[in-house]
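Asker: Predicted model follows, preceded by the sequence.
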Amino acid sequence: MAYFAKIENNIVTQVIKAGQSFIDNHCEGTWVQTSYNTHGNVHYGQDGEPDGGVALRANYAGIGHTYDSTNDVFYSPQPFPSWTLGNNSWVWNPPITQPDDFLGYWDEELYQSDNSKGWVSV
């Protein structure tokens with residue numbers, strides 16, 4: 001069994017666990033395999049640590065995610081206008097690195113008013 005994402009207009013609309021023969025014989029449209037253990041273009045083992053496995057399509061697909069067929073990768077929707085997509089990780093990055101051991105949230109309005117701020121502690 002594997003996970004497959006249904007792609008419509010480059011957007012993931014469904015994710016199911018099935019065998020390749022089920023996809024081939026019973027599913028209409030475009031279906032692309034995705035790996036539950038892949039995030040940030042790294043494959044993780046059962047222990048949650050990188051295991052050197054194949055990072056299939058950069059990230060596990062979720063409903064609403066984009067499938068970039070040119071690069072053969074999945075990535076999530078952009079969380080804030082100021083964040084940029086990592087070239088190798090296919091994960092969105094804030095313009096200011098989140099502090100270590102930080103408990104809080106990103107405030108886009110704060111960042112837009114002062115480009116040296118954005119993270120707010122709780």
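Answerer: Okay, I see it. Numbers count the residues shown, from 1 in each chain.

Asker: Give me the pLDDT for the residue nearest in space to the middle of the chain.
Answerer: In the chain, the centroid-proximal residue (Cα atoms, centre = their mean) is residue 75; its distance is 3.7 Å. Here, the pLDDT recorded for residue 75 equals 98.

Asker: measure stretch 59-78 end to end?
Answerer: End-to-end span of stretch 59-78 (Cα to Cα, to the nearest Å): 14 Å.

Asker: contacting residues around the closest residue in space to residue 51 that isn't next to it in sequence?
Answerer: Counting by Cβ to Cβ, 6 or more residues apart in numbering, residue 51 lies nearest to residue 45, which is 3.6 Å off, once chain neighbours are set aside. Glycine gets a C-beta too; all of them are placed from N, C-alpha and C. Counting by Cβ atoms under 8 Å, 6 or more residues apart in numbering, residue 45 makes contact with 37, 51, 53.

Asker: ranges for the strands of the chain?
Answerer: With DSSP state E, the ranges of strands along the chain come out as 2-8, 11-18, 30-34, 38-39, 42-43, 66-68, 73-75, 84-85, 92-93, 104-106, 119-121.

Asker: Comparing these, which stretch has the densest surroundings?
Answerer: Mean neighbours per residue, mean count of other Cβ atoms under 10 Å, is largest over the strands of the chain for strand 73-75, with a mean of 22.

Asker: Could you give the separation of stretch 75-84 from the chain centroid?
Answerer: Offset of stretch 75-84 from its chain centre (Cα atoms, centre = their mean, to the nearest Å): 10 Å.

Asker: buried set for that stretch?
Answerer: Within stretch 75-84, the residues that count as buried by 16 or more other Cβ atoms under 10 Å are 75-76, 82-83.
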